[in-house]
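Participant: below are the sequence and a predicted model for it; my questions follow.
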Amino acid sequence: MGLLNRHRLWQVAVDALLIAIAWYATYEVGFQISRNPGWNAYWKQTILIVVVVKLVSLAAFGAYNKWWRYLSLPDIMALLRAIGIATIALLIVLSIVKFPRGVIIHPEASAGQKTQLAAPDCTPVVAGCVKQIKKDAIAGSLLPRPARQRAPSKRALVLDLVFTLILLGGARVLARSITERPRRGSFVTQGKKVLIVGAGDAGNLILREMLSNRLAGYTPIGLIDDDRNKLRYRFQGVKVLGTTVDLPEILKARQPDEVHIALPSASGRKRAAVVATCREAGIPVKTLPNVNDLINGDNDLVAQLRAVQVEDILGREPVQLDPAAVGAYVRGRTVLVTGAGGSIGSELCRQLVRMEVGRLVLADHAENNLFQIDRELRESTRAEIVPAIADVRDAARMEAIFEAHRPAVVFHAAAYKHVPLMEQHPVQALRNNALATRTVARLAARHAVDRFVLVSTDKAVYPKTAMGASKALAEWVVEALGQIENETTFVAVRFGNVLGSSGSVVPIFREQIARGGPVTVTDPEMTRYFMTIHEAAQLIVQAGGVGRGGDVFVLDMGDPVRILDLANDMIRLSGLEPERDIPITFTGIRPGEKLHEGLFEDSEEVERTHHDKLMRARRSPISPEWLESELDAVERFVNEGDEPAALERVRAMIANPRRADSEQPAVAAPA
């Protein structure tokens, strides 16, 4: 209960004093004990019982498990419940315990009539005893017949409940107000002057931490919020100065040292507008991370404030999913993730442990990556984590993993993805991305896996590179098996570039900026789709739960982003200026590279799903017999080392895929 904690003894002592005062006030207001020795004696006889019962109830409800300075609404509700239970307990206890005779003088007696009356040998609080006292007084003609009155027991307990709530609740509110009240002159003398953008829950939490912890080194001087209903209001003593439209004038008038964005769910456009305004004023900006990072981070929000990154300002509305609902089909089950040490694979694993999988099997051929994600997950989950060194191209090794662990769900994220490197080694792209996908998918069907989810890419749409072609073939494998397998649901999920993934443009630009440039951009008009790694992983899991056999899902990537704009933003977020501090050079489009990527082929119909960020690509399914025959030929050429023959066969397949509902090959893909 915390009563013996020396840091809580003063709280218990204050509560005991306030409870005693409330009990005295009850009988003074209700029964005028200063004029009535009988009730005065009764108050003194019962005070110890009242104090003990209430302190025990308060301790049982956790009233002494935290400091009053951190009082919250749940604490007030717990206080109300504790006092309510204590009141019921007192009604029972005081009705049972017998007290010595007392002397009662009715409040209506005149000075000449104050004759002492012997109280019955019972507790005066009980209604029956009070009635007897009145009867005796009237029978003796000592008092005029009084008007009918409520039973003192009920009135006393109700008054006591109200007084106790007022005193105990008021003491806690006062303690918090005193500890969080800015000291005189603190706006000038302590810490950096900070303007907080966002007066919602996150903004108020940051504000509280800054005010209560001066060691953090921040002094809030105002709040900014676009909700006009909050204008001119004060939160914890700090005023809402205006909206983001007023920000330029507020920055000039207040001259803060920093601006902190406390909007975890804000769109990138909103953050970008604040950053641009502050950049023009020459004021540094920090931000809270997105909702996913907040959940995983430290409980201290001030500690989570960081410099604005390009991921924060790309203009996308963040995807919001309920992990419990999305991951219902993996809860308590065995899940296998291939490529578990990669960027997408490792984030998938983090999402899956939050969805309470029973056992998570991590398969990867890169020892160090596997070691890192295995160690990380073991520190954050009670699920069984099983690392497995394995190459998805090794059919015998993958067979052993399926046999040993019997996974119910498979997420196939293992793939080679770097386009220029795969152009130099096209056969390895085919072997790892297409043929290995067929191997793992066949094993999933053979072992009656419930769901198989392939992680695909937008480069599979009208592919011009070896990597893109290999992923297109992998999608076809899923389509084909989805038509002929009844026990296993096969699904593919296609999306564009993932911010922060290994080898993506963002970390490359960061390295180039850190070296002083130049930042290399392929073409000034090149665009790409971008999504955060958290969004991608969540939507992959979502697609796995709603897909039917052979479905290809496409994640809504928002609007494409010009790579040149991305480079300029990253340079400016580093506190530098493009061309003046960091030069930008254009290298030209590489062989097979597209100026603009697409998410759908012309032959595909876009179908919305229950989630607005998840779409289904409808097209005529690939012919399973044709695909099986062609992949057998490609595999034979690859095993024989005949690279030209293998690539020629793949080009022919991509140009003229045979669909299940047509005897004739489809029209060749556009150049």
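Facilitator: Looks like it came in fine.
Participant: what does the domain assignment say about the protein?
Facilitator: Under the assignment automatic domain parsing, the domains of the chain span 9-180, 186-313, 323-655.
Participant: strands along the stretch 301-450 of the chain, start to end?
Facilitator: Secondary structure of the stretch 301-450 of the chain (DSSP state E, counting those that start in this stretch): strands at 306-307, 334-338, 359-364, 384-389, 409-412.
Participant: need those in TSV with distance to Ser501, can you?
Facilitator: C-beta here means a position set from N, CA and C on the backbone, and glycine is covered the same way. Compiled in TSV, the strands of the stretch 301-450 of the chain are given as follows (distance: least, C-beta to C-beta, whole Å):
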stretch	distance to Ser501
strand 306-307	19
strand 334-338	16
strand 359-364	15
strand 384-389	21
strand 409-412	16
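Participant: mind checking which of these is nearest Thr585?
Facilitator: strand 306-307 (25.5 Å; C-beta to C-beta).
Participant: so what touches the closest one?
Facilitator: Pro284, Val285, Lys286, Thr287, Pro289, Leu573 (C-beta atoms under 8 Å, 6 or more residues apart in numbering).
Participant: just the closest of those residues to Leu161, please.
Facilitator: Taking the contacts of strand 306-307 together and measuring to Leu161 by C-beta to C-beta, the closest member is Pro289, at 44.9 Å.
Participant: can you report how many residues lie near the nearest residue to the closest one once chain neighbours are set aside?
Facilitator: Nearest non-adjacent residue to Pro289, counting by C-beta to C-beta, 6 or more residues apart in numbering: Gln304, 6.1 Å away. Around Gln304 sit 19 other residues, with neighbours defined as other C-beta atoms under 10 Å.
Participant: from Ile589, how far off is Glu577?
Facilitator: 27 Å (C-beta to C-beta, to the nearest Å).
Participant: report the lowest-confidence entry in the contacts of strand 306-307.
Facilitator: pLDDT across the contacts of strand 306-307 is lowest for Pro289, at 70.
Participant: surely that one touches Glu311?
Facilitator: No: assessed by C-beta atoms under 8 Å, Pro289 is found out of contact with Glu311, at 9.1 Å.
Participant: report pLDDT for Gly30.
Facilitator: pLDDT, Gly30: 69.
Participant: over to Gln190?
Facilitator: 61.
Participant: give me the below-cutoff pLDDT ranges for the stretch 501-650 of the chain.
Facilitator: 502-503, 592 (pLDDT under 70).
Participant: go again with 80.
Facilitator: 501-504, 547-550, 555-559, 575, 590-594, 597-614 (pLDDT under 80).
Participant: ranges for the helices of it?
Facilitator: Per DSSP state H, counting those that start in this stretch, the stretch 501-650 of the chain carries helices over the ranges 505-514, 533-546, 563-573, 624-640, 643-655.
Participant: for the ones you listed, state which one has the densest average packing.
Facilitator: helix 533-546 (a mean of 24; mean count of other C-beta atoms under 10 Å).
Participant: go ahead and measure how far that helix is from the middle of the chain.
Facilitator: 15 Å (C-alpha atoms, centre = their mean, to the nearest Å).
Participant: identify the spatial nearest neighbour of Asp160, chain neighbours not counted.
Facilitator: Closest to Asp160 by C-beta to C-beta, 6+ apart is Thr26, at 4.3 Å.
Participant: could you do Gly342 as well?
Facilitator: Ala413 (6.2 Å).
Participant: and the one you found, its phi and psi?
Facilitator: phi -110, psi 0 (degrees, to the nearest 10).
Participant: would you turn the strands of the stretch 301-450 of the chain into a markdown table with mean neighbour count?
Facilitator: Putting the strands of the stretch 301-450 of the chain into a markdown table (neighbours: other C-beta atoms under 10 Å) gives the following:
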| stretch | mean neighbour count |
| --- | --- |
| strand 306-307 | 12 |
| strand 334-338 | 27 |
| strand 359-364 | 25 |
| strand 384-389 | 17 |
| strand 409-412 | 27 |
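Participant: closest one to Arg548 among those strands?
Facilitator: strand 409-412 (15.2 Å).
Participant: mean confidence for that closest one?
Facilitator: Mean predicted confidence for strand 409-412 is 96.
Participant: who are the neighbours of that strand, in terms of helices and strands?
Facilitator: strand 334-338, helix 343-354, helix 436-446, strand 451-455, helix 533-546 (3 or more C-beta pairs under 8 Å, 6 or more residues apart in numbering; DSSP states H and E).
Participant: run through the bridge partners of Lys239.
Facilitator: Arg234 (DSSP bridges).
Participant: quick one: mean pLDDT over stretch 50-63.
Facilitator: Per-residue scores along stretch 50-63 average to 84.
Participant: please save the CA atoms from it in CSV.
Facilitator: Taking C-alpha atoms only, stretch 50-63 is exported to CSV below (Å, rounded to 0.1, in the frame of the first residue of the first chain):
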residue,chain,number,x,y,z
VAL,A,50,-12.9,7.5,10.8
VAL,A,51,-9.3,8.4,10.2
VAL,A,52,-8.1,4.8,10.2
VAL,A,53,-10.9,3.5,7.9
LYS,A,54,-10.3,6.3,5.4
LEU,A,55,-6.5,6.0,5.3
VAL,A,56,-6.8,2.2,4.7
SER,A,57,-9.2,2.8,1.9
LEU,A,58,-7.1,5.5,0.3
ALA,A,59,-4.0,3.3,0.5
ALA,A,60,-5.9,0.3,-1.0
PHE,A,61,-6.8,2.4,-4.0
GLY,A,62,-3.2,3.5,-4.6
ALA,A,63,-3.5,7.1,-3.3
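Participant: what are the buried residues along it?
Facilitator: Buried positions in stretch 50-63, judged by neighbour count with 16 or more other C-beta atoms under 10 Å: Val50, Val51, Val53, Lys54, Leu55, Val56, Ser57, Leu58, Ala59, Phe61, Ala63.
Participant: for Phe31, state which of those residues is nearest.
Facilitator: The closest of the buried residues of stretch 50-63, once distances to Phe31 are taken by C-beta to C-beta, is Val50, at 15.0 Å.
Participant: sec struct for that closest one, please.
Facilitator: Following DSSP: H, G, I helix; E, B strand; the rest coil, Val50 is assigned to helix.
Participant: quick one: contacts for it?
Facilitator: Counted by C-beta under 8 Å, 6+ apart, Val50 has contacts Ile19, Ala20, Trp23, Leu90, Asp160.
Participant: many thanks, we can stop here.
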